[in-house]
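Colleague: A predicted structure for the sequence below; I have some questions about it.
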Amino acid sequence: MKKTLQELTIKNSFMFAAVMCQGDNCKRFLEMVLGIEIARVEVDKEKSMVYNPRYKGVRLDVYAKDKDNTRYNVEMQAQSQEYLGKRARYYHSQIDMDMLTAGYEYSELPKGFVIFVCDFDPYGERKYLYEFESRCVQDLSMNMRDGRKTYFLSTKGENANEAPKELVKFLEFVGSELDESMTDFEDDYVKRLQISIKDIKLSREMEVRYMTLEEMLKDEYKSGKAEGKAEAILLFLKRMGEVPTELSARILSEKKMEVLNHWLELVAQANSVEQFQEEM
């Protein structure tokens with residue numbers, strides 16, 4: 001049974017996106033995770049909390065930038081996901097493609113941070129924070145300097161002595177259920193988020209948006225997932241180059257889920273449209 005807006009906590013993707021779309025909340029979150037001060041954060045609401053009828057998909061991640069044009073993509077993950085690393089890869093590539101499409105040169109590509117807030121332990125090491133960047137295998141002191149970093153936060157961490165206290169409090173709040181989430185966590189940032197959530201639940205506009213989203217998701221589920229999978233494959237391919245008409249038609253006409261799932265795995269690992277065609 002679907003939850004009402006009043007029953008949501010911040011671990012719900014809709015609520016998390018609604019809270020983090022508020023610039024000050026997002027700014028404090030990024031400063032807490034990255035351990036740096038950020039002068040100003042601008043959340044792109046055109047790319048956050050969006051239902052795209054063309055691709056039959058819901059975007060509930062938060063897309064933001066700061067005054068230095070650094071890009072941030074933040075997403076809540078309430079349930080364990082097997083391919084989070086590849087999802088991060090896709091988000092990083094999406095940031096780059098948006099910049100290149102806008103006319104940037106490779107040398108001008110901004111720094112990009114992808115952050116997942118997980119209500120599970122993605123790597124099983126019981127850490128509150130996992131931070132990844134590109135380094136040389138033969139010499140880990142050598143950073144590739146590609147400007148990309150990926151962070152996975154986990155509510156299941158147990159290394160409180162190694163993580164910032166504010167981050168631990170935030171993740172305890174994220175991991176809490178409804179009744180506990182309204183208690184005092186003795187943290188200023190958590191209190192701020194609790195107030196934001198209360199305001200969102202009092203907003204008739206947000207209630208309508210949430211109900212509309214639920215109906216769209218229900219309609220999508222009823223119409224079947226095959227079309228959505230096919231569109232997702234095409235979206236990946238279009239990020240790599242022009243998709244031949246006959247290839248597009250073949251993908252869109254495929255209805256077998258096992259075939260589409262196989263193609264989705266292939267496209268996530270492919271480096272070009274041609275490579276995908278050869279391996280499909």
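Modeller: Sure, I can see it.
Colleague: contacts, neighbours, all on C-alpha from now
Modeller: Fine.
Colleague: now this structure, which segments are flagged as low pLDDT?
Modeller: Judged by pLDDT under 70, the chain has its weakly predicted residues at 1, 49-59, 216-225.
Colleague: Repeat the analysis, applying 80 as the threshold.
Modeller: Within the chain, the ranges that satisfy pLDDT under 80 run 1-2, 45-60, 213-228.
Colleague: how near is the residue of it most remote from its centre to residue 279?
Modeller: Computed with Cα atoms, centre = their mean, the maximum C-alpha offset from the centroid of the chain is found at residue 246, amounting to 31.8 Å. Using Cα to Cα, to the nearest Å, residue 246 is found at 16 Å from residue 279.
Colleague: re the thing from before, can I take it that the residue farthest from the centre of the chain is in a helix?
Modeller: Yes - the assignment for residue 246 by DSSP: H, G, I helix; E, B strand; the rest coil puts it in a helix.
Colleague: can I assume residue 133 is in contact with residue 150?
Modeller: Yes - applying Cα atoms under 8 Å, one finds residue 133 in contact with residue 150, separated by 6.6 Å.
Colleague: Looking at those two, which one has more neighbours?
Modeller: Neighbours around residue 133 and residue 150, counted as other Cα atoms under 10 Å, are more numerous at residue 150. The numbers are 21 against 14.
Colleague: and the more buried one, helix, strand or coil?
Modeller: State at residue 150, reduced to three classes by three-state DSSP: strand.
Colleague: so who does it touch?
Modeller: 88, 113, 114, 115, 131, 132, 133 (Cα atoms under 8 Å, 6 or more residues apart in numbering).
Colleague: and which of these is nearest to residue 240?
Modeller: residue 88 (16.4 Å; Cα to Cα).
Colleague: From residue 23, how far off is that closest one?
Modeller: Using Cα to Cα, one obtains 22 Å as the distance from residue 88 to residue 23.
Colleague: and those two? which has more neighbours close in?
Modeller: Set side by side, residue 88 and residue 23 show more neighbours around residue 88, with 20 against 16, by other Cα under 10 Å.
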